[in-house]
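Participant: Predicted model follows, preceded by the sequence.
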Amino acid sequence: MDSLLAERQRPFWKSFDEPLVGLAAAAGAGLVDPVLGTGTALGERLPGTPALQVWTVTPLALGVREHPASDAPVAVTGKDLPDLGSPLLLCDFSRTVLMRVTATGAAIGHAAPANCVGYFATGDACPAGTPPRASLHRFGADTAFGLPQQVRWFVGNDDQGVASLYRQQLVDGAVVGGGVVASGVTGFSLRYLLAGQADYLPGEKIPASQWGQVRAVDVQLQLETSTGPATEARIVRRFQQTFTLRNRLP
């Protein structure tokens, strides 16, 4: 993937090369830009609990109507137009490009300085000089469009001080949505299966260089009711699910 974003060196966007990363239960503040802090305040990750960060792309119902030149806006048709200034992923059978939308509507712009260059190069994505037109790329009818976002899962206190499972959505390094998914969490563990291994490992056992080798994630969650008389037995439910990363299977 080529990134044309002017801020492509920011930690948030550099993490795009790491589609799935876990945070060990014993780790302090982590998952940078923004940092996921630890503590007991609302929305902080509770100390001693793990976390998971994944990248996802929301597809847009758009098609290319015309792209006469690489440095021209991409004329599109469809209902899911991206917002002005949003990051946008374009992909066809030969190139995948992450860019900033500088014009929207009937034609999607990708001009500088929001992007490092205002065209799509087939070699260096951000060349120092303008390359010959023969080495520029135009997106055609087979182009797919999507909005990239980061999603984080962790356990933190809700507004009642109850440990809860959170799902956060992030765009451009800012939290744009999400919140409490399940309340009353008394147990949460994440374990990972590396390529070629037979056993699942906790996050602290995964070297930083091997997150790209994770093939599956085992999630175990325990919930306990927090209402009712103190003398009443609480109801405990345990959930376990293994998620296979299909795009990483042989």
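Facilitator: Great, that's in hand.
Participant: what lines up beside the helix or strand harbouring Val76 in the sheet?
Facilitator: Assigned by DSSP states H and E, Val76 belongs to strand 74-78. According to DSSP bridges, strand 74-78 forms sheet pairs with strand 62-66 (antiparallel), strand 107-108 (antiparallel).
Participant: Centre of the chain to the strand ranked longest in the chain, how far?
Facilitator: Ranked by number of residues, the top strand in the chain under DSSP state E is strand 144-157. Here the centre of strand 144-157 is set off from its chain's centre by 5 Å, with CA atoms, centre = their mean, to the nearest Å.
Participant: Give me the below-cutoff pLDDT ranges for this protein.
Facilitator: Under the criterion pLDDT under 70, the flagged ranges of the chain are 226-232.
Participant: counting contacts, what elements does the strand or helix carrying Gln220 pack onto?
Facilitator: Assigned by DSSP H and E, Gln220 belongs to strand 214-224. Using 3 or more CB pairs under 8 Å, 6 or more residues apart in numbering; DSSP states H and E, the elements in contact with strand 214-224 are strand 20-23, strand 174-183, strand 185-194, strand 236-244. For every residue, glycine as well, the C-beta is placed using N, CA and C.
Participant: Mind doing that once more with 7 Å?
Facilitator: The contact analysis (3 or more CB pairs under 7 Å, 6 or more residues apart in numbering; DSSP states H and E) places strand 214-224 against strand 185-194, strand 236-244.
Participant: buried stuff in the very next helix or strand once past the longest strand of the chain?
Facilitator: The C-terminal neighbour of strand 144-157 among helices and strands, as given by DSSP H and E, is strand 163-171. The neighbour-count check on strand 163-171 (16 or more other CB atoms under 10 Å) flags 163-166, 168-170 as buried.
Participant: Next: stretch 181-195.
Facilitator: Buried-residue list, stretch 181-195, by 16+ other CB under 10 Å: 182-185, 188-194.
Participant: The strand holding Gln220 to strand 174-183, inter-axis angle?
Facilitator: Relative orientation of strand 214-224 and strand 174-183, computed by axes from the mean of the first three to the mean of the last three CA atoms, to 10 degrees: 50 degrees.
Participant: Give me the sheet partners of strand 214-224 and which way each runs.
Facilitator: strand 185-194 (antiparallel), strand 236-244 (antiparallel).
Participant: distance between it and the chain's centre?
Facilitator: 19 Å.
Participant: Save the buried residues of stretch 181-195 as CSV, and put in distance to Val117 too.
Facilitator: Below are those laid out as CSV (distance: CB to CB, whole Å):
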residue, distance to Val117
Ala182, 45
Ser183, 48
Gly184, 51
Val185, 47
Phe188, 44
Ser189, 45
Leu190, 40
Arg191, 43
Tyr192, 38
Leu193, 40
Leu194, 38
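Participant: follow-up on the earlier one: quick check: angle from the strand holding Gln220 to strand 163-171?
Facilitator: 140 degrees.
Participant: pull the CA atoms of strand 214-224 into PDB?
Facilitator: This file holds the C-alpha atoms of strand 214-224, laid out as PDB (Å, rounded to 0.1, in the frame of the first residue of the first chain):
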ATOM      1  CA  VAL A 214      -0.800 -14.000  14.200                       C
ATOM      2  CA  ARG A 215      -3.300 -16.400  12.500                       C
ATOM      3  CA  ALA A 216      -6.100 -16.400  15.100                       C
ATOM      4  CA  VAL A 217      -7.200 -14.800  18.400                       C
ATOM      5  CA  ASP A 218      -8.800 -16.600  21.300                       C
ATOM      6  CA  VAL A 219     -11.100 -14.400  23.400                       C
ATOM      7  CA  GLN A 220     -12.400 -15.300  26.800                       C
ATOM      8  CA  LEU A 221     -14.800 -13.100  28.600                       C
ATOM      9  CA  GLN A 222     -16.500 -13.500  32.000                       C
ATOM     10  CA  LEU A 223     -19.500 -11.300  33.000                       C
ATOM     11  CA  GLU A 224     -21.200 -11.100  36.300                       C
END
